[in-house]
Each structure stands twice: as C-alpha cells, then as structure tokens.
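In: Quick one: sequence and predicted model below, then my questions.
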Amino acid sequence: GDSVTQTEGLVTLTEGLPVMLNCTYQTIYSNPFLFWYVQHLNESPRLLLKSFTDNKRTEHQGFHATLHKSSSSFHLQKSSAQLSDSALYYCALSDRPGGYKVVFGSGTRLLVSP
Amino acid sequence: EAAVTQSPRSKVAVTGGKVTLSCHQTNNHDYMYWYRQDTGHGLRLIHYSYVADSTEKGDIPDGYKASRPSQENFSLILELASLSQTAVYFCASSEGQGAEQYFGPGTRLTVL
C-alpha cells in the first residue's frame, strides 16, 4: 500500500541554521500529490505547501520543497531557521486519480533554539 | 475562510461507555475525514466520506463507526470505549484529490 516515511522524529537546530526535513514515499501511481502540513503547539495541522509537478520547486512562507519522482522524495527546506518554526511537520501523499484518501507520515518535530 | 468545528473539545469517558464526537463544516466540501493523533504515530485515518449517507473505512477503523447524515456533518462513534482510544481526534474536510485538507481544532479524548 501507499506509505510516507519521515526518518527523523525530532530535529533540533540553532536559530539561523538551515532546515531540512526528509520525506520519501511509496506509491504505484505515477502522479501523486505531495503535501507538507505544519502543526504548532496546541493548534491543528494546516497546509504549508503542496506539489504534483516533477522537479519543480514550490515555496511558501520561506520554506521550499521539490518533488523528485525519480527518488520518490519531497524534502522540506528552509535557508535559515527561526524560533517560530518550532512545530510538528507532516509529509502527506494523495495519489490515485479521483482519490480522496491522504496518507500522512509519522511527523517530524522541529525544535529551534536561540 | 474555511471552517471546521468539532464538539466536544475535550471529553473524559469511562471504559465500555459510548462516545460520540461531532464535526461540522461550512466549506461546502464533499470530503470529510476523521483522524487520530498519537505521539510517534502521527495522523492516522479512521474513517472518511465523500458523500452524505456514505462512509468508508480508513486505515484503523476497528472500534470506530462513522456517520455522515448530511454534507456538513460527520460523526465518529465509539460504541465501547477502551483505554487504547485515548488520543486527540481531528476532523478535516477537503474538495478532493490534491486539495488542501482543512482541520478542525481537535477533540482530546481520555478514556479511564
């Protein structure tokens, strides 16, 4: 079945350093939609960015990600971490045509310290 | 502004009791979802629906039932609550594949 893997459960960084959160996926369908959701403490998840175009960089709120179908990856990056980036980040996949089911990864908690 | 509301926001239930969690959306979305969130497991899909009066099983449906009486409303029912169902439950709605999911504020359920 479809799956999303986020290898890091926790990432700790000092403010100003670059962020990279890993996301790989498995699906038999050739045109998946990939998403990053962010959840701040005591809030609900909200969409950060999404993509379905191979090798095209998608950006939002200083974060960016590129869908690479050749490696089944959709890593989230940011050039300089801010304290306010501390949150739980989910990578998610929606694949089959007309499909409405979304598979979430287990999440990566990012903690940014001064 | 998309709006998904859930009630109650928190609940304490006894083992073996019946629990009903309610979700209401004003987005005019066809698709609605119930997830549970546990540390280390992320968001796991329990049930979902793409049309009123019809529900589908998600990845972890055992011990849960769902009801979609109208496009706006989607309920999650625990007929016999168990300790293992202690979690935060999120409802979400979306337009469909490739579309953003709009989450409700969540319900914190504690089963004692």
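Out: Perfect, I can see it now.
In: Every contact and neighbour count from this point should use C-alpha atoms.
Out: Will do.
In: For chain B, what lies in contact range of chain A?
Out: Contact residues of chain B with respect to chain A, defined by Cα under 8 Å from any Cα of the partner chain, are listed as B:31, B:40-45, B:48, B:50, B:90, B:96-98, B:100-106.
In: ok, and what's touching the helix or strand of chain A with the lowest mean pLDDT?
Out: Per-element confidence for chain A was summarised using mean pLDDT, DSSP states H and E. The lowest value among helices and strands belongs to strand A:103-104, with a mean of 90. Applying Cα atoms under 8 Å, 6 or more residues apart in numbering or on different chains, the contact partners of strand A:103-104 are A:2-4, A:90-94, B:42-45.
In: Which ones among those residues lie within strands?
Out: When strands are assigned by DSSP state E, the members of the contacts of strand A:103-104 inside them are A:3-4, A:90-94, B:42-45.
In: So how do I select the buried members of the residues of chain B next to chain A in PyMOL?
Out: Written as a PyMOL command, the selection of buried residues from these, which uses 16 or more other Cα atoms under 10 Å in any protein chain shown, is:
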select buried, chain B and resi 31+42+43+44+45+48+50+90+96+97+98+100+101+102+103+104+105+106
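In: low pLDDT regions in chain A?
Out: Across chain A, the stretches falling below the confidence threshold (pLDDT under 70) are A:96-99.
In: Which part of it gets nearest to chain B, residue-wise?
Out: When distances are taken as Cα to the nearest Cα, chain A approaches chain B most closely through residue A:106, which lies 4.1 Å from it.
In: what about that residue, neighbour count?
Out: The criterion is other Cα atoms under 10 Å in any protein chain shown. On that basis, residue A:106 has 25 neighbouring residues.
In: Chain neighbours aside, what residue packs nearest to the residue of chain B at minimum distance from chain A?
Out: Residue of chain B nearest chain A, by Cα to the nearest Cα: residue B:42 (4.1 Å). For residue B:42, the nearest residue in space outside its immediate sequence neighbours is residue A:106; the separation is 4.1 Å by Cα to Cα, 6 or more residues apart in numbering or on different chains.
In: residues contacting residue B:69?
Out: Residues in contact with residue B:69, defined by Cα under 8 Å, 6+ apart, are B:52-53.
In: Roughly how far does residue B:22 sit from residue B:39?
Out: Taking Cα to Cα, to the nearest Å as the criterion, residue B:22 is separated from residue B:39 by 23 Å.
In: Which one's more surrounded, those two?
Out: With other Cα under 10 Å as the criterion, residue B:22 and residue B:39 differ in neighbour count, and residue B:22 comes out ahead with 19 against 11.
In: Was I right to think residue B:82 contacts residue B:111?
Out: Yes - contact status for residue B:82 versus residue B:111: in contact at 6.3 Å, counting by Cα atoms under 8 Å.
In: give me the low-pLDDT residue ranges for chain B?
Out: Per-residue confidence for chain B (pLDDT under 70) gives these ranges: B:1-2, B:97.
In: That one: helices as residue ranges?
Out: With DSSP state H, there are no helices along chain B.
In: Nearest residue to the middle of it?
Out: Among the residues of chain B, the one closest to the centroid is residue B:34, at 2.9 Å (Cα atoms, centre = their mean).
In: what bridges to that residue?
Out: When bridges are taken as DSSP bridges, the partners of residue B:34 come out as residue B:47, residue B:91.
In: so who does residue A:66 touch?
Out: Under the criterion of Cα under 8 Å, 6+ apart, the contact list for residue A:66 reads A:51, A:54-58, A:73-76.
In: Which strand residues bridge it?
Out: residue A:57.
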